[in-house]
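In: Fold the following, please.
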Amino acid sequence: MELVIPLMFSVFLNHLEKRRQPSSKKLRRFVDEKYTKILCIGFLLTVMILALFLSGSRGGVVSFISGVLCFIGLSYTRHLFRKRVVVIIVLILVSGGAALITGHELLYTQFQLLTNPEGYDSYTLRRLIWKDTLTMFWDFPVFGAGLGAFSHLYPQYQGFPSDLTVEYTENDYLQTLAETGSIGMLLVLWGAAALLYTTQKAWRERHSRLFEIGRAVQQ
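Out: Numbering: from 1, shown residues only. Presented below is the predicted three-dimensional model:
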C-alpha cells in the first residue's frame, strides 16, 4: 500500500487536471467518462488508505502522513495544485475517520507502544535482534554476509534464548547493512540521494517552464 498509494495519487491528479470539453455532446461524454473515473479512483484511494491504517503498521502510517505533509508543503507553492490538495485532504480525512470507526482499538493499541516502548515484548525482542544484527555486521563490515544470508547466519549470533525462527531483522537498514556491508549501504544511500536530486531537479524545471508559459500568456 505504501508504494501503490503515491502512484494512485498521480493517476488521480492527472485525471483532475484534464480540461472540460466545450460542446454539450462532448461535455456529456466528458462527464460520463472523466468524473466516473475520478470517482472510481477516489474510491480506490480511500480503500487503499483505509487498508494502510487498518494494517496496524506504525511505520507505514507515520511514513504516509509524513509524505502527505511533504506533498502539501510542495503543492502550496504551485497554484495548479492548491485546489487539488483540498480533494486529497478530504480523501485522507474520510479514510482516517473510517479507520477510527472500524479499527480504533487496533490503532490505539499499536500507537500506544510509542508512549512506552519498554513495556512491550515486541519492542524488547526487536531491540535484541537489532543488537545481534550489528554484531553480524562487525564480522562482515566491508562486503557484508551476502544477500539472503541473514536467516541462515542469525542462529549463530542470536544472543537470547527463544524458540522463534528469526528470518528478518524487522529493520531494512540494519539488514541491508548486515547483508551488503558498508559498500552496499553506501550504494543504497547514493541511489536514494540520486533519486532525491533527480526529483527535485524535475520539480524545479517543471516549475520554471510553467512560470515561463504563464508569463508568455500574460504578455
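In: for the helix or strand harbouring Met8, which positions count as buried?
Out: If you go by DSSP states H and E, Met8 is part of helix 4-16. Within helix 4-16, the residues that count as buried by 16 or more other C-beta atoms under 10 Å are Ile5, Met8, Phe9, Phe12, Leu13, His15, Leu16. No exception for glycine: its C-beta is placed from N, CA and C like everyone else's.
In: What is the lowest-pLDDT residue among those?
Out: Minimum pLDDT for the buried residues of helix 4-16 is recorded at Leu16 (75).
In: any idea how far the nearest residue to that one once chain neighbours are set aside is from His15?
Out: Spatial nearest neighbour of Leu16, chain neighbours left out: Arg84 (5.4 Å); criterion: C-beta to C-beta, 6 or more residues apart in numbering. Distance, Arg84 to His15, using C-beta to C-beta, to the nearest Å: 10 Å.
In: Just want to check the distance between Ser10 and Phe53.
Out: Distance from Ser10 to Phe53, by C-beta to C-beta: 21 Å.
In: Kindly report the same for Thr124.
Out: Counting by C-beta to C-beta, the gap from Thr124 to Phe53 is 26 Å.
In: Look at those two and report which has more neighbours.
Out: Phe53 (25 against 13; other C-beta atoms under 10 Å).
In: Just the C-alphas of the helix or strand hosting the more buried one, formatted as CSV.
Out: Here Phe53 sits within helix 36-54, counting by DSSP H and E. Extracted C-alpha coordinates of helix 36-54, given in CSV (Å, rounded to 0.1, in the frame of the first residue of the first chain):
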residue,chain,number,x,y,z
THR,A,36,-16.8,8.3,-13.4
LYS,A,37,-13.0,7.6,-13.5
ILE,A,38,-12.3,10.2,-10.9
LEU,A,39,-15.0,8.8,-8.5
CYS,A,40,-13.7,5.3,-9.1
ILE,A,41,-10.0,6.3,-8.5
GLY,A,42,-11.0,8.3,-5.5
PHE,A,43,-12.9,5.3,-4.0
LEU,A,44,-10.0,3.0,-4.6
LEU,A,45,-7.6,5.6,-3.0
THR,A,46,-9.9,5.8,0.0
VAL,A,47,-10.0,2.0,0.4
MET,A,48,-6.2,1.8,0.0
ILE,A,49,-5.6,4.5,2.6
LEU,A,50,-8.1,2.7,4.9
ALA,A,51,-6.2,-0.6,4.4
LEU,A,52,-2.9,1.1,5.3
PHE,A,53,-4.4,2.5,8.5
LEU,A,54,-6.0,-0.8,9.5
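In: For that helix, list every residue counted as buried.
Out: Ile38, Ile41, Gly42, Leu45, Thr46, Met48, Ile49, Leu50, Leu52, Phe53, Leu54.
In: who does that helix touch, helix- and strand-wise?
Out: helix 4-16, helix 58-75, helix 79-112 (3 or more C-beta pairs under 8 Å, 6 or more residues apart in numbering; DSSP states H and E).
In: What pLDDT is listed against the residue nearest to Ala98 when sequence neighbours are not counted?
Out: With C-beta to C-beta, 6+ apart as the criterion, Ala98 has its nearest non-adjacent residue at 5.3 Å, and that residue is Leu50. What the model reports as pLDDT for Leu50 is 88.
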